[in-house]
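S.K.: structure here, sequence nowhere to be found:
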């Protein structure tokens, strides 16, 4: 039996523009393609919305591989045990993987290397980021804690380039019979109740879906991205985040195609600059997690371990269900529950409301997003929540408290976004749409079946400012 090469899929569920997979295809040996769902670590098992996406994405990937004459082996369990079985049975002497940055995934890489580096050739490649953490450092060779200088340093680097061969050439697949799981047995899909109808209606997981989303964004979203990215009432964002998280498309490919498109569409240049900067924030969050692995569980600024957060299950539940009485907050939370996604501007508004108005620990919001977002990413989720809470790197100042009324009026001026997600207020006149509690039945002839605010904005703002000010004075 000839020796085999093994490619281990991780958050890189694509065939095209996959440096590690392309290298594996060029190994000159029969190739085994494997995905392991290793959820033996109890910390940060993927949430339910992400489980739904993973199931769909693996199905699409397997179909794409079958078109090339092969198949994807899927296994669930401890990575080292499964690899040990396959390496021995198929006489694997070359292992190819893409790099990952989450603490548990970094540990898996280290354990793989420690166990097999003297027996087999192990090749690891980038592909999840634009710039690797080791390449972006301060003048004193330290990781960056502030985004703007980080991004300036990134832009001085060599232009990210696609792999020379974007698509795989003919592959010789291994004929060794290897035990594999039935994906349906993993229980990643909801049964009763089936809450995934909104996800199915709004998303196309897989590489083809990522391609479609990118091309639609180039044609309809990039030109006005600088402004429309803040408007939840418009289709102004790329919606590429879940495709990026699962590696169905690479950030390098997005970078290249956006820049190429702008070369022939000069009026899109402002959108280009803003959009690439958002890709930069994704890199920045991952660099933070790589260098400070505890940011998902501990405040980046240690003094915030003593912040006087409140415990209030009633108001937390109202926030989770979209029943706070503030339309822009509730619309965002309902969009999240229905589609597994939320507009980025609204993410900041709902996060600020939870940690500032309600003084509820950012962990609660982080965990809710982790379970309900199809693009739940440990680095982005943790860094973003800590940014809003004031405990993170390059964090928002403590006195920045988003006013959900003014935010709604500014970014959803006609109320189209909130009316879409809150049917109770669809008949409310525009002048009251972000403050329906000001409407009276005598003035409008309507009775609005919508809750009153669970807290007055000014009361919540003052409570937050007082708590943060006192905390700052004591620390």
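M.R.: Arrived safely. Given the structure is predicted, the values throughout are model-derived calculations rather than measurements.
S.K.: for residue 298, which non-adjacent residue is closest in space?
M.R.: Distances taken as CB to CB, 6 or more residues apart in numbering place residue 305 nearest to residue 298, at 7.1 Å, with adjacent residues excluded. (Each C-beta comes from the backbone N, C-alpha and C, glycine too.)
S.K.: is it true that that neighbour touches residue 299?
M.R.: Yes: counting by CB atoms under 8 Å, residue 299 is a contact partner of residue 305 at 5.9 Å.
S.K.: tell me which of these two has more neighbours.
M.R.: Shown here are residue 305 and residue 299; by other CB atoms under 10 Å, residue 299 has more neighbours (20 against 9).
S.K.: looking at the protein, which helix is longest?
M.R.: If you go by DSSP state H, the chain has its longest helix at helix 269-291.
S.K.: could I get the buried residue list for whatever helix or strand comes next after that helix?
M.R.: Counting by DSSP states H and E, the element after helix 269-291 in chain order, helix or strand, is helix 313-321. Residues 315, 316, 318, 319, 320 are the ones in helix 313-321 that count as buried (16 or more other CB atoms under 10 Å).
S.K.: distance of the fourth one relative to residue 299?
M.R.: Computed as CB to CB, to the nearest Å, the residue 319 to residue 299 distance reads 21 Å.
S.K.: same question for the first one.
M.R.: Note on residue 315: its distance to residue 299, by CB to CB, is 22 Å.
S.K.: quick revisit: what is the nearest of the buried residues of helix 313-321 to residue 470?
M.R.: Distance to residue 470, by CB to CB, is smallest for residue 315 among the buried residues of helix 313-321, at 21.1 Å.
S.K.: just confirm that closest one contacts residue 358, I think it does.
M.R.: Yes: the criterion here is CB under 8 Å, and residue 315 meets it with residue 358 at 5.2 Å.
S.K.: please state the offset of stretch 91-100 from the chain centre?
M.R.: 25 Å (CA atoms, centre = their mean, to the nearest Å).
S.K.: for burial, what's the neighbour tally of residue 110?
M.R.: So residue 110, with other CB under 10 Å, has 10 neighbours.
S.K.: which strands and helices sit next to the one helix or strand it maps to?
M.R.: According to DSSP H and E, residue 110 maps onto helix 103-116. Packing partners of helix 103-116 (3 or more CB pairs under 8 Å, 6 or more residues apart in numbering; DSSP states H and E): helix 79-90, strand 92-98, strand 121-125.
S.K.: redo that, cut-off 10 Å
M.R.: On a contact count with 3 or more CB pairs under 10 Å, 6 or more residues apart in numbering; DSSP states H and E, helix 103-116 meets helix 79-90, strand 92-98, strand 121-125, helix 269-291, helix 378-389.
S.K.: just the element for the closest residue in space to residue 136 that isn't next to it in sequence, please.
M.R.: Nearest non-adjacent residue to residue 136, counting by CB to CB, 6+ apart: residue 153, 5.5 Å away. Element membership of residue 153 [criterion: DSSP H and E] is helix 147-155.
S.K.: just the residues contacting that helix, thanks.
M.R.: Helix 147-155 is contacted from outside by 130-131, 135-139, 143-144, 160, 276-277, 279-281, 283-285, 287-288, 383, 387, 393-394, using CB atoms under 10 Å, 6 or more residues apart in numbering.
S.K.: of those residues, buried ones?
M.R.: Among these, those classed as buried by 16+ other CB under 10 Å are 130-131, 136, 143-144, 160, 276, 279-281, 283-285, 287-288, 383, 387, 393-394.
S.K.: need the overlap of contacts for residue 315 and residue 358.
M.R.: Shared contacts of residue 315 and residue 358, counting by CB under 10 Å, 6+ apart, come down to 324, 454, 455.
S.K.: now do the SS call for the second one.
M.R.: The local conformation at residue 454, judged by DSSP: H, G, I helix; E, B strand; the rest coil, is coil.
S.K.: ok, now the first one?
M.R.: What three-state DSSP gives for residue 324 is coil.
S.K.: so what pLDDT did it get?
M.R.: Per-residue confidence at residue 324 stands at 97 (pLDDT).
S.K.: kindly report the same for the second one.
M.R.: According to the prediction, residue 454 has pLDDT 97.
S.K.: can I assume residue 98 is in contact with residue 8?
M.R.: Yes: in this structure, residue 98 is within contact of residue 8 by CB atoms under 10 Å, at 8.3 Å.
S.K.: spatially nearest residue to residue 303 (excluding sequence neighbours)?
M.R.: Counting by CB to CB, 6+ apart, residue 303 lies nearest to residue 475, which is 4.3 Å off, once chain neighbours are set aside.
S.K.: hmm, residue 304 and that neighbour touching each other?
M.R.: Yes: between residue 475 and residue 304 there is a contact under CB under 10 Å: 8.4 Å.
S.K.: looking at the two, which one has more neighbours?
M.R.: Higher neighbour count among residue 475 and residue 304: residue 304, with 19 against 11, using other CB under 10 Å.
S.K.: joint contacts of residue 98 and residue 8?
M.R.: Taking CB under 10 Å, 6+ apart as the contact rule, residue 98 and residue 8 both touch residue 20.
S.K.: now do the contacts for residue 176.
M.R.: Applying CB under 10 Å, 6+ apart to residue 176 gives the contacts 1, 2, 4, 30, 32, 86, 89, 90, 91, 92.
S.K.: please read the previous query as pertaining to residue 104.
M.R.: Residue 104 is in contact with 38, 39, 40, 41, 43, 44, 45, 79, 293, 378, counting by CB under 10 Å, 6+ apart.
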